[in-house]
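>>> requesting a structural model of the entry that follows:
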Amino acid sequence: MSKCSKLLVLVAGIVLVAGVSFADVTNDMAAAKALYANKQYVESQVAFEKVLKDYPTAPVSILADAQCLVGHSLLIQGKHTEAQVAFEKVLKDYPTAPVSILADAQCHVGYSLYSQGKPLDAQVAYEKVIKDYPTASVNTLANAQHYVGHSLYSQGKPLDAQVAFEKVLKDYPTASVNTLANAQTYIGHSLRSQGKYLDAQVAFEKVIKDYPTASVNTLANAQNYIGHSLRSQGKQVEATEAYIKAVILYARVPNVASKTLVDVFSRINPALMITADYTVALQDIIKATPATEANAEFLGRIKSELEKMK
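I've put the predicted structure just below:
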């Protein structure tokens, strides 16, 4: 191999790095991403590490992306400390990478720390996303601010957390619907933790009113906590009605755990309802719940309850 072949050259628009074409790098990255998309996270980790080893002079954007995806692969494997190191390596080794990659890495340094039970360190990491990468995407910044709130909440600071979640809605109104709906939901949780049950109820109701296109699971959680907030106010009849709506929403969540349906249904007190209304509620729950094997036990319980009403 000649000395010239070891240099960066352009041939018909294709970069050759140490005698290897740019196409080779992108093909190997694509293969590694396919493993990741297929939820083969151990294999994708190895594949991304191989890209870093085999193509050390590839463009910074590709190397930073590969290193970041090593971190993601480790994170999903539950290797939070190793993932933190991998994400920090993105920031250290590739400081000129695109802002989107650097902000994502910094955000996941925070997530790695949070998953290790270090909410204060996580808070600092998330705040660094907002401070150091103000030109990152709205969703990235909104998510970072959202997790500042989570970190504060986990430190037992519900008032500070409430302020942080409200900041998501104020500063990033064009973020994704689910991000905004989740922030509004956690405003409710923060208020509940302060013993402000009526305010919490209003906050949870706002999730359903303002974000009707959020995920069904998000809406179901909000409806469930409307029930909790009403019950904490001593409004048992209204709470029972809220739990019925929550069960119907949860039943529409893809692959919802049967235990979730049973847990919420167990909070419904038929003694607080008119018989006819309770019968209609049971019929609505049956209609909303997919007749799957996983739901068989739950549906059997509802049908048995309905039989008692005849």
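
>>> only C-alpha atoms from now on, for both contacts and neighbour counts.
OK.

>>> from T174, how far off is P212?
Distance of P212 to T174, given as CA to CA, to the nearest Å: 16 Å.

>>> try R231
Counting by CA to CA, the gap from R231 to T174 is 34 Å.

>>> among these two, which residue is more densely surrounded?
Neighbour count, other CA atoms under 10 Å: between R231 and T174, R231 has more, with 18 against 14.

>>> can you tell me which residues contact Q236?
Contacts for Q236 (CA atoms under 8 Å, 6 or more residues apart in numbering) come out as L230, L272.

>>> domains for this structure, by residue range?
For the chain, automatic domain parsing gives the domain ranges 23-157, 176-310.

>>> same list (those) but as CSV, adding mean pLDDT and distance to L169.
Output for those, formatted as CSV (pLDDT from 0 to 100; distance: least, CA to CA, whole Å):
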stretch, mean pLDDT, distance to L169
domain 23-157, 97, 8
domain 176-310, 93, 6
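
>>> would you confirm that S193 contacts P158?
Yes - counting by CA atoms under 8 Å, S193 touches P158, with 6.3 Å between them.

>>> pull the number of nearby residues for the residue nearest to M273 when sequence neighbours are not counted.
Closest residue to M273 apart from its sequence neighbours, by CA to CA, 6 or more residues apart in numbering: V237 at 7.2 Å. Close neighbours of V237, defined as other CA under 10 Å, add up to 17.

>>> okay, V237 and A271: tell me how far apart.
For V237, the distance to A271 - CA to CA - is 9 Å.

>>> next one: stretch 287-307 to chain centre, how far?
For stretch 287-307, the separation from the chain centroid amounts to 29 Å (computed by CA atoms, centre = their mean, to the nearest Å).

>>> now do the buried residues in it.
A288, T289, P290, N295, F298, L299, I302, K303, L306 (16 or more other CA atoms under 10 Å).

>>> and these, which two are furthest apart?
P290 and L306 (17.2 Å; CA to CA).

>>> so H108 sits right up against F87, yeah?
Yes - judged on CA under 8 Å, H108 makes contact with F87 at a distance of 6.8 Å.

>>> residue contacts, L74?
L74 makes contact with Y41, V42, Q45, H80, E82, A83, according to CA under 8 Å, 6+ apart.

>>> that one: helix or strand, and which one exactly?
If you go by DSSP states H and E, L74 is part of helix 60-76.

>>> helices and strands around the following helix or strand past that helix, which ones?
Later in the chain than helix 60-76, the nearest helix or strand by DSSP H and E is helix 80-93. For helix 80-93, the elements it packs on are helix 60-76, helix 99-115, judged by 3 or more CA pairs under 8 Å, 6 or more residues apart in numbering; DSSP states H and E.

>>> got a markdown table for the ones you listed, with distance to V247 too?
Shown next, in a markdown table, are those (distance: least, CA to CA, whole Å):
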| stretch | distance to V247 |
| --- | --- |
| helix 60-76 | 30 |
| helix 99-115 | 30 |
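
>>> which one, of those helices, ends up nearest to T275?
For T275, the closest of the helices and strands packed on helix 80-93 is helix 99-115, at 46.8 Å, according to CA to CA.

>>> tell me what angle that closest one forms with helix 60-76.
Put simply, helix 99-115 runs at 20 degrees to helix 60-76, going by axes from the mean of the first three to the mean of the last three CA atoms, to 10 degrees.

>>> neighbouring contacts of whichever helix or strand comes after helix 99-115?
For helix 99-115, the following helix or strand on the C-terminal side (DSSP H and E) is helix 119-132. With contact meaning CA under 8 Å, 6+ apart, helix 119-132 is reached by 103, 106-107, 109-114, 141, 144-145, 147-148, 151-152, 154-155.

>>> select from the contacts of L74 the one having the most neighbours.
Of those, with other CA under 10 Å as the count, A83 tops at 27 neighbours.

>>> Y111 is in contact with that one, correct?
No - assessed by CA under 8 Å, A83 is found out of contact with Y111, at 9.5 Å.

>>> now list whatever residues contact both of the two.
With CA under 8 Å, 6+ apart as the test, A83 and Y111 reach no residue in common.

>>> now V280: how far from L249?
Distance from V280 to L249, by CA to CA: 16 Å.
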